[in-house]
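In: any chance you can model this:
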Amino acid sequence: MDILNDFLQVGLVGNFAWGNMIMLGVGCLFIYLGIAKDYEPLLLVPIGFGMLVGNIPLSPGMNIGIYESGSVLSVLYNGVTQGWYPSLIFLGIGAMTDFSSMLSNPKLILLGAAAQTGIFITFAGSLLLGFPPKDAAAIGIIGGADGPTAIFLSSQLAPHLLGAIAVAAYSYMALVPVIQPPIIKLLTTRKERLIRMKPSRPVSKRVRILFPITAFIICAGIAPGAISLLGFLFFGNLLKESGVTERLAKTARDSLIDIVTILLGLCVGASTDASRFLTPESLKIALLGAISFCIATAAGILFAKLMNLFSKDKVNPIIGAAGVSAVPDSARVCQMVGAREDPTNFLIMHAMAPNVAGVIGSAVAAGVFLSRFAF
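Out: I've put the predicted structure just below:
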């Protein structure tokens with residue numbers, strides 16, 4: 001009986017905590033949303049199950065937990081805390097991204113830039129709520145709706161907030177189809193939602209090859225802190241567009257990004273131990289993240305409406321919502337909202353322009369913060 005009692009004390013019986021039970025419920029909710037509602041299942045299912053892994057009550061000292069040095073989970077978690085996984089994710093994104101829509105209509109880059117307003121407004125709001133500048137910068141990047149960028153920056157500036165920031169960023173990425181449509185309808189008229197844009201012009205192979213090289217030099221020169229992200233993003237795109245490294249590009253956009261996504265999602269979920277995650281700071285981060293995402297969406301839409309005041313070729317303001325970095329879900333939402341008004345109006349290719357521009361913009365913003373606060 002003593003042996004049985006000691007055995008039971010190691011697990012749930014001896015280490016029961018309501019916080020862990022709450023987080024186990026949240027993990028189950030994430031899995032449900034991913035499977036039943038199809039909300040970013042590639043993200044929510046690994047993160048949700050990771051929450052289960054990280055919140056099973058157990059006695060400390062077993063060298064199993066993610067925060068116990070030398071454990072399997074701790075070793076895998078190094079890819080998050082050291083920024084390996086976000087960079088590899090960007091490599092895969094670059095290898096699967098076609099920048100032609102952006103290059104054929106460069107003015108749409110401005111929509112991606114405008115959507116980054118949410119990042120800097122949230123940064124200011126975080127400072128007002130009493131967060132230190134480094135923490136505020138890491139929280140602000142949630143407004144870009146770019147999970148890998150949020151993880152990368154928080155791992156460098158605010159590792160103690162990494163779990164809360166990562167979960168908030170990926171949660172709002174997954175909820176794009178829920179959050180953005182009401183904002184789009186609130187800020188646009190039906191007449192604006194019916195605007196048809198001119199077809200994108202073709203982009204030569206030479207331009208597509210030169211773009212990742214030139215864009216990297218310019219962006220990294222402006223914000224060298226973004227080299228770890230933009231370097232991998234544009235390298236992956238060069239592998240795709242060069243035409244001579246298709247095997248490498250295929251590996252980057254298929255097996256590599258899938259493996260890293262599994263490890264990243266599971267580790268991020270496992271890092272949400274209730275004792276570290278269920279804090280007032282986490283609730284503030286969740287609230288600020290929601291506000292920043294809404295502001296970023298609204299800023300892209302309103303800037304598109306502003307462009308129409310001075311432009312002969314009108315822009316459908318719906319695509320301004322795609323300026324956030326949730327690729328390609330924001331572009332799909334724009335297509336969905338536009339199709340409800342006119343099923344023959346195809347906006348997704350136009351929306352991809354601010355969408356991929358937003359990826360670059362959020363990485364540059366992260367580089368600016370890192371350059372300013374890393375020292």
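In: centroid residue for the protein?
Out: Within the chain, the residue whose C-alpha comes closest to the C-alpha centroid is residue 146; the distance, by C-alpha atoms, centre = their mean, is 2.0 Å.
In: how about that residue, nearest residue that isn't a chain neighbour?
Out: Counting by C-beta to C-beta, 6 or more residues apart in numbering, residue 146 lies nearest to residue 325, which is 3.6 Å off, once chain neighbours are set aside. For glycine as for every other residue, the C-beta is placed from the backbone atoms N, C-alpha and C.
In: what of residue 108?
Out: Here the nearest residue to residue 108 in space, its sequence neighbours aside, is residue 353; by C-beta to C-beta, 6+ apart that works out to 3.8 Å.
In: surely the one you found touches residue 97?
Out: No - the criterion here is C-beta atoms under 8 Å, and residue 353 misses it with residue 97 at 11.4 Å.
In: hey, where'd the helices end up in the stretch 51-200 of the chain?
Out: Under the criterion DSSP state H, counting those that start in this stretch, the stretch 51-200 of the chain carries helices at the ranges 72-81, 84-96, 100-104, 109-115, 117-128, 133-140, 147-157, 162-174, 176-187, 190-193.
In: most tightly surrounded among these?
Out: helix 147-157 (a mean of 28; mean count of other C-beta atoms under 10 Å).
In: which other helices and strands contact it?
Out: Contacting helix 147-157 under the criterion 3 or more C-beta pairs under 8 Å, 6 or more residues apart in numbering; DSSP states H and E are the following elements: helix 72-81, helix 84-96, helix 133-140, helix 162-174, helix 227-242, helix 257-270, helix 348-373.
In: quick one: buried residues of the longest one?
Out: Spelled out, it's helix 348-373. In terms of neighbour count (16 or more other C-beta atoms under 10 Å), helix 348-373 has its buried residues at 348-370, 373.
In: what separates it from the chain centre, distance-wise?
Out: Taking C-alpha atoms, centre = their mean, to the nearest Å, one finds helix 348-373 lying 11 Å from the centre of the chain it belongs to.
In: tell me the mean pLDDT for it?
Out: Averaged across helix 348-373, the pLDDT comes to 91.
In: ditto for the second one
Out: Across helix 84-96, the average pLDDT comes to 94.
In: now that helix against helix 227-242, angle please.
Out: With axes from the mean of the first three to the mean of the last three C-alpha atoms, to 10 degrees defining the directions, helix 84-96 sits at 30 degrees from helix 227-242.
In: how about the third one?
Out: Compare the direction of helix 133-140 with that of helix 227-242 by the same axes, to 10 degrees and you get 30 degrees.
In: same check on the first one?
Out: Calculated by the same axes, to 10 degrees, helix 72-81 forms an angle of 80 degrees with helix 227-242.
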